[in-house]
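Q: okay, sequence plus prediction incoming.
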Amino acid sequence: MLRRVDRTGAAQAYGVVIVIDVIRAFTVASSIYKASTLTTIRETTLVLLKKN
């Protein structure tokens with residue numbers, strides 16, 4: 001079931017709702033900055049941990 005919620009309702013959101021928003025954010029960011037690759041925070045963290 002799809003439904004829109006405001007900030008108040010977002011506090012109760014869980015699961016797929018959050019995943020869809022993350023995917024949308026990555027898509028928009030890559031389009032704006034014309035990125036050829038996107039790196040997740042987890043991957044960046046692992047690289048930094050190996051370097052230090």
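A: Sure, I can see it.
Q: got the end-to-end distance for stretch 34-52?
A: Start-to-end span of stretch 34-52 (CA to CA, to the nearest Å) is 30 Å.
Q: could you identify the helix or strand that succeeds the lowest-mean-pLDDT helix or strand in the chain?
A: Least confident helix or strand, the chain: helix 16-33 with a mean of 76, by mean pLDDT, DSSP states H and E. Next along the chain after helix 16-33, taking DSSP states H and E as the criterion, comes helix 41-51.
Q: got the CA coordinates for that next one in CSV?
A: Coordinates of the C-alpha atoms in helix 41-51 are reproduced here as CSV (Å, rounded to 0.1, in the frame of the first residue of the first chain):
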residue,chain,number,x,y,z
ILE,A,41,29.1,5.2,4.0
ARG,A,42,29.8,1.6,5.1
GLU,A,43,32.3,1.1,2.2
THR,A,44,34.0,4.4,3.0
THR,A,45,34.2,3.5,6.6
LEU,A,46,35.9,0.1,5.9
VAL,A,47,38.5,1.8,3.6
LEU,A,48,39.3,4.4,6.2
LEU,A,49,39.6,1.8,8.9
LYS,A,50,42.1,-0.2,6.8
LYS,A,51,44.2,2.9,6.2
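Q: what is the mean pLDDT for that helix?
A: Helix 41-51 comes out with an average pLDDT of 83.
Q: show me what it is packed up against.
A: When contacts are defined as 3 or more CB pairs under 8 Å, 6 or more residues apart in numbering; DSSP states H and E, helix 41-51 packs onto no helix or strand at all. In short, each C-beta sits where N, CA and C put it, glycine included.
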